[in-house]
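Visitor: from the sequence below, what's the structure:
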Amino acid sequence: MKPEKPKTEASLKRETAKWLAKLERDLKGVKSTGRLPDKQLREVMENIRAYIKDCKYFSDEGDLIKAFEAIVYAWGIYETCLRTGLISKK
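Guide: I've put the predicted structure just below:
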């Protein structure tokens, strides 16, 4: 007998919460590499934080798909900045 697959709703809640918490922790240790002017870096970080805020809002509203999408977008921006050397972890 195959194991039962997790319910989509529970899975979305769990994954969204996991990646949200990890990103919030990681952002506390971010520093500029100097490759981007301060104003532009602030704008990028504000964009990431806006997606985090959206994620929380949609989670509270019960819109789990939009919440998950928002945290995925935030992660995409964050990882792109890390991989291109615009930011680094402390």
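Visitor: quick one, phi psi at Gly29?
Guide: Dihedral pair for Gly29: phi -110, psi 20, per degrees, to the nearest 10.
Visitor: got a list of what it touches?
Guide: Lys89, Lys90 (C-beta atoms under 8 Å, 6 or more residues apart in numbering). Every C-beta, even on glycine, is put in place using the N, C-alpha and C of the backbone.
Visitor: which of the three states applies to the closest residue to Leu86 other than its chain neighbours?
Guide: In space, and not counting its chain neighbours, Leu86 is closest to Leu36: 4.9 Å by C-beta to C-beta, 6 or more residues apart in numbering. At Leu36 the chain is in coil, as set by DSSP: H, G, I helix; E, B strand; the rest coil.
Visitor: count of neighbours near Leu36?
Guide: Counted with other C-beta atoms under 10 Å, residues neighbouring Leu36 total 17.
Visitor: what's the answer for Gln40, then?
Guide: Neighbours of Gln40 under the rule other C-beta under 10 Å: 11.
Visitor: next: the one 4 residues further on.
Guide: The number of residues packed near Val44 is 16, by other C-beta under 10 Å.
Visitor: give the contact list for it.
Guide: Contacts of Val44 by C-beta under 8 Å, 6+ apart are Leu36, Ile77, Cys81, Leu86.
Visitor: ok, the first one to Lys89 distance?
Guide: Using C-beta to C-beta, to the nearest Å, one obtains 16 Å as the distance from Leu36 to Lys89.
Visitor: where does pLDDT dip in this structure?
Guide: Low-confidence segments of the chain, defined by pLDDT under 70: 1-6.
Visitor: all strands for it, in order.
Guide: 30-32, 87-89 (DSSP state E).
Visitor: list the helices and strands the first one packs on?
Guide: Taking 3 or more C-beta pairs under 8 Å, 6 or more residues apart in numbering; DSSP states H and E as the contact definition, the neighbouring helices and strands of strand 30-32 are helix 38-61, strand 87-89.
Visitor: okay, buried residues for the last one please.
Guide: Along strand 87-89, these residues count as buried under the neighbour rule (16 or more other C-beta atoms under 10 Å): Ile87.
Visitor: nothing else from me, thank you.
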